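Colleague: Just need the structure, nothing else, for what follows:
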Amino acid sequence: EKALEELFAKADESIKEGYSILILSDRQMSAKNIAMPSLLACAGLHHHLIRQGTRTRVSLVLETAEAREMHHFAVLIGYGANAVNPYLAFETIEDQINKGLYPSDLTIKDAQKNFIKSCRKGLFKIISKMGISTIQSYCGAQIFEAVGLASEFVDKYFTATPSRIGGIGLLTVAQEMHKRHNFAYAPQADHDDLLDEGGDYHWRKEGEFHQLNPQTIALLQHSVRSGDFNIFKRYAKLVNEQTVKLANIRGLLKFKKGKAISIDQVEPASDILKRFATGAMSYGSISKEAHETLAIAMNRLGGFSNTGEGGEDPDRFKKDANGDWRRSRIKQVAQGRFGVTIEYLVNADQLQIKMAQGAKPGEGGQLPGHKVSKEIAKTRHTTPGVGLISPPPHHDIYSIEDLAQLIHDLKNSNPQADVSVKLVSEVGVGTVAAGVSKGKADHVLISGYEGGTGASPQTSIKHAGLPMELGIAETQQVLVMNDLRGRIRVQTDGQLKTGRDVVIAAMLGADEFGFSTTALVTMGCILLRKCHLNTCSVGVATQDPELRKKFDGKPEYVVNFFTFIAQEVREIMAELGFKKFEDLVGRVDFLDTVDTIDHWKAKGIDLTNILHKADVPPEVAIRHVSRQDHALEKALDNSLIAQCKDAIEKQKAVRVESKIVNVNRTVGTMLSSAVARKYGLAGLPKDTIQIKFQGSAGQSFGAFLAHGISLTLEGEANDYVGKGLSGGRIVIYPHPKSKLIAEDNIIVGNVVLYGA
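Modeller: Residues are numbered from 1 along each chain as shown. From the prediction side, this is the model:
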């Protein structure tokens, strides 16, 4: 603290003397001098100068050995650094070249230039997913949340950064720097001449702790392949005990004592299984074999599998001869793109709008070009070899009203399906979830940061998103306080691994539960972390035909895994005295923090915010109990479907005329749904249904319009005309008496033919 105050005083003095660039350097570190953390020095000084009113008079330059990867640069710039010199990274590159570790024709200068270029690209990616276009706008923007920092520490040195669960302060930071420094300068006999193994990205025996490690992976795979619940219990015991190693927030929670009942009184596993889903992993990020195995397993269980944002082969829409079904019940929609056609939409029980994704918030899915094979390009209606990325705020969703319109469009495209919105666990997600509930979504998914499967660069998965527990707790509290919880189903995910994880997530507020990484492990994934390289040696996350032959996962393994999870849930319910799973949902009063947190860095953690139960009258629902009213009975399409009955049933040509006003939204979409349900993407012969409208059409006129339907509008239309157009025909022209000069005016709104 004293050193920081001295730093601030020196800076104030330098500004008075007229200096305009301040360089903060840790080059003077030695056996006697401990370096101050560069982020603490930078952020602390940045906020001190803001309080002094002098921040705009100087630039802060950091000369630090600490910065070496994308996240380090992003955080330093985000907390006020105008420039960063990562001198140790440059020295390391030079040392490696001198040792002959790189090709002989690579010069030190070129290698350092390549490092700078890759860091620049990484920063572009980070700032672009926040919708920021200049580095000046990112500098000092503080688009971060702290996890595990004490509030008084944050208030002083990282002012205005959210920090919801408390944690360490300045003293602990100093202790950690001492510890690291003493290790570095210890006598040679105390440790060999090797750096710490790290193990942040890949598991290392002596490195960072990973919850999915060789021991847990081996036990899980053995249990599901042998069908032995006792082996699964050994795996669950290991994972549940590991969480007490402070690997996640739920490891700091315990159940309060309940009034135990016999397990025979608890609802059957078959009912609990209906609450389980596999996560959104697109065909392309994982192999065809892995994708279809998950779908078959979840259909056998009555649960849900998810296409991910990437289309689905129409062959999978019909059941196989043996009764299995390869159709994913959840169809994900990256708006009108990647194979999102009217046929795709009608073959779903749930349509999920991908607004965000836990492991990669603000970025969405990414499939590198080398994984986009001919088959994948065909399924996604795109081009082989071209990389695919879906930035979640999809060009046409600028507000909650736009999102409500997309929810309405999807409900029209398949009235029997529920509409879901995928959000990411981060501060403020509760408010967004409230908007989603008001926007008439039937379902919301709060996605946690753990995991991240299939295709993304590793820097996109690390340091992005926040723990599931923070997001689900906030969502539950906000929805209950606003009496919106009863009308919407809430799902969560975030590397759920055991029945204990499921029960805790339910008590925090989730009705349903998603599994991705662990589901892949049951099919043979061994977490090589090479998904994005297309070199998965067990055939799970690759499109290489030779590697795919090595896939040996079976639906039975996935079925066993989910059945075991449900059985563990039932055992916990019996212990706590719950007969029905729905009675667990939102019962945060059954959770408590563990008595002692035995770790020098975890003493200041405060979970009060997570365990808060909204104070509402007993009649306010704390779980899903009712349905949304989508008001589809008022849609103009109802009368159009009735008038076009002969065309839909007998393919007879039909001509219809109708007035239209701007409250008639999404006209033609329910009609298209009826056509696609019967005839698929081929639809009807050209111009079988011809409808002429007069007036002003509301939003999404002709969205997802099926082949064989022609809509002619004399007048004008609002936004999203022909969104996701699926072979239909739309003609719009001004009224004959209109005085508009056609070439100088616009008669359709924004975002026309998006994804058509």
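
Colleague: Tabulate the CA atom coordinates of stretch 99-108 in CSV.
Modeller: Only the C-alpha atoms of stretch 99-108 are listed here, as CSV (Å, rounded to 0.1, in the frame of the first residue of the first chain):
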residue,chain,number,x,y,z
LYS,A,99,18.7,-22.0,-29.0
GLY,A,100,17.6,-23.1,-32.5
LEU,A,101,13.9,-23.9,-31.6
TYR,A,102,12.5,-22.2,-34.7
PRO,A,103,13.2,-22.5,-38.4
SER,A,104,16.7,-21.2,-39.3
ASP,A,105,15.4,-18.6,-41.7
LEU,A,106,13.2,-16.9,-39.0
THR,A,107,15.0,-13.7,-37.8
ILE,A,108,14.5,-12.4,-34.3
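
Colleague: quick one: contacts of that stretch?
Modeller: Residues outside stretch 99-108 that contact it (C-beta atoms under 8 Å, 6 or more residues apart in numbering) are 93-94, 96-97, 111. Every C-beta, even on glycine, is put in place using the N, C-alpha and C of the backbone.

Colleague: Please tell me how far it is from the chain's geometric centre.
Modeller: Put simply, stretch 99-108 sits 39 Å off its chain's centre (C-alpha atoms, centre = their mean, to the nearest Å).

Colleague: Excluding chain neighbours, what is closest to Ala404?
Modeller: Gly439 (3.4 Å; C-beta to C-beta, 6 or more residues apart in numbering).

Colleague: how many neighbours does Lys99 have?
Modeller: As a burial measure, Lys99 scores 8 neighbours (other C-beta atoms under 10 Å).

Colleague: Would you mind listing the buried residues in stretch 145-157?
Modeller: For stretch 145-157, the neighbour count (16 or more other C-beta atoms under 10 Å) marks 145-151, 153-154, 156-157 as buried.

Colleague: Just the CA coordinates for the helix-or-strand element of the chain with minimal mean pLDDT, please, in CSV.
Modeller: Least confident helix or strand, the chain: helix 458-461 with a mean of 74, by mean pLDDT, DSSP states H and E. Only the C-alpha atoms of helix 458-461 are listed here, as CSV (Å, rounded to 0.1, in the frame of the first residue of the first chain):
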residue,chain,number,x,y,z
GLN,A,458,-8.3,-21.2,-27.0
THR,A,459,-8.0,-17.5,-26.2
SER,A,460,-11.8,-17.2,-27.0
ILE,A,461,-12.6,-19.8,-24.3
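
Colleague: before we move on, the earlier item: identify the farthest-apart pair in the buried residues of stretch 145-157.
Modeller: Val147 and Lys156 (18.0 Å; C-beta to C-beta).

Colleague: low-scoring stretches of the stretch 601-750 of the chain, by residue?
Modeller: Across the stretch 601-750 of the chain, nothing is flagged by pLDDT under 70.

Colleague: Quick one: the strands in it, in order.
Modeller: Ranges of strands in the stretch 601-750 of the chain, per DSSP state E, counting those that start in this stretch, are 654-660, 689-697, 709-717, 729-733.

Colleague: So which of the ones you listed is the most surrounded?
Modeller: strand 709-717 (a mean of 22; mean count of other C-beta atoms under 10 Å).

Colleague: Which neighbours in the sheet does that one have, and how are they oriented?
Modeller: Strand 709-717 sits in its sheet next to strand 689-697 (parallel), strand 729-733 (parallel), going by DSSP bridges.

Colleague: Work out the gap between it and the centre of the chain.
Modeller: For strand 709-717, the distance to the chain centre is 38 Å (C-alpha atoms, centre = their mean).

Colleague: now the angle from it to strand 654-660?
Modeller: Angle between the axes of strand 709-717 and strand 654-660 is 20 degrees (criterion: axes from the mean of the first three to the mean of the last three C-alpha atoms, to 10 degrees).

Colleague: Which parts of the stretch 251-400 of the chain are helices?
Modeller: 269-273, 288-301, 342-346, 374-380, 400-413 (DSSP state H, counting those that start in this stretch).

Colleague: Could you export those helices as JSON lines, including mean pLDDT and mean neighbour count?
Modeller: Listed next are the helices of the stretch 251-400 of the chain as JSON lines, based on pLDDT from 0 to 100; neighbours: other C-beta atoms under 10 Å:
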{"stretch": "helix 269-273", "mean pLDDT": "98", "mean neighbour count": "17"}
{"stretch": "helix 288-301", "mean pLDDT": "97", "mean neighbour count": "23"}
{"stretch": "helix 342-346", "mean pLDDT": "96", "mean neighbour count": "26"}
{"stretch": "helix 374-380", "mean pLDDT": "88", "mean neighbour count": "18"}
{"stretch": "helix 400-413", "mean pLDDT": "94", "mean neighbour count": "23"}
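
Colleague: hmm, back to that, among the contacts of stretch 99-108, the buried ones, what's the PyMOL command?
Modeller: What follows is the PyMOL syntax for the buried subset of these, where burial is set by 16+ other C-beta under 10 Å:
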select buried, resi 93+97+111
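
Colleague: Ile526: which of the contacts of stretch 99-108 is nearest?
Modeller: Nearest member of the contacts of stretch 99-108 to Ile526, counting by C-beta to C-beta, is Gln96, at 29.0 Å.

Colleague: what element comes up after the helix or strand where that closest one lies heading to the C-terminus?
Modeller: Using DSSP states H and E, Gln96 sits within helix 87-98. Counting by DSSP H and E, the next helix or strand C-terminal to helix 87-98 is helix 108-128.

Colleague: now that next one against helix 87-98, angle please.
Modeller: 140 degrees.

Colleague: Show the average pLDDT along helix 108-128.
Modeller: What helix 108-128 shows for mean pLDDT is 93.

Colleague: next one: it to chain centre, how far?
Modeller: With C-alpha atoms, centre = their mean, you get 25 Å for helix 108-128.

Colleague: let's have the chain start at 358 instead
Modeller: Fine by me, first position is 358 from now on; the one you just mentioned is helix 465-485.

Colleague: Buried residues in it, which are they?
Modeller: 468-469, 472, 476, 479-480, 482-484.

Colleague: picking that back up, the least confident helix or strand of the chain packs against which elements?
Modeller: On a contact count with 3 or more C-beta pairs under 8 Å, 6 or more residues apart in numbering; DSSP states H and E, helix 815-818 meets helix 465-485.

Colleague: try 10 Å this time
Modeller: For helix 815-818, the elements it packs on are helix 427-435, helix 465-485, judged by 3 or more C-beta pairs under 10 Å, 6 or more residues apart in numbering; DSSP states H and E.

Colleague: out of the ones you listed, nearest to Ala626?
Modeller: Among these, helix 427-435 sits nearest to Ala626 (C-beta to C-beta), with 41.5 Å.

Colleague: tell me the angle that closest one makes with helix 465-485.
Modeller: 70 degrees.

Colleague: Parallel or antiparallel, which strands does the very next helix or strand once past helix 427-435 pair with?
Modeller: Counting by DSSP H and E, the next helix or strand C-terminal to helix 427-435 is strand 440-442. Under the criterion DSSP bridges, strand 440-442 sits next to strand 416-420 (parallel) in its sheet.

Colleague: Please work out the average pLDDT along the partner strand.
Modeller: On average, strand 416-420 scores 98.

Colleague: tell me which residues in it are buried?
Modeller: 417-420.

Colleague: on that earlier part again, quick one: the strands of the stretch 958-1107 of the chain as TSV, columns for distance to Lys907 too.
Modeller: Below are the strands of the stretch 958-1107 of the chain laid out as TSV (distance: least, C-beta to C-beta, whole Å):
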stretch	distance to Lys907
strand 1011-1017	54
strand 1046-1054	49
strand 1066-1074	46
strand 1086-1090	47
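
Colleague: re earlier: would you list the helices of the stretch 608-757 of the chain in a markdown table and tack on distance to Lys907?
Modeller: Listed next are these as a markdown table, based on distance: least, C-beta to C-beta, whole Å:
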| stretch | distance to Lys907 |
| --- | --- |
| helix 626-630 | 29 |
| helix 645-658 | 10 |
| helix 699-703 | 30 |
| helix 731-737 | 18 |
| helix 757-770 | 38 |
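
Colleague: Would you check that my belief about Ile407 contacting Val415 is correct?
Modeller: No - when contacts are counted by C-beta atoms under 10 Å, Ile407 is not listed as touching Val415 (11.6 Å).
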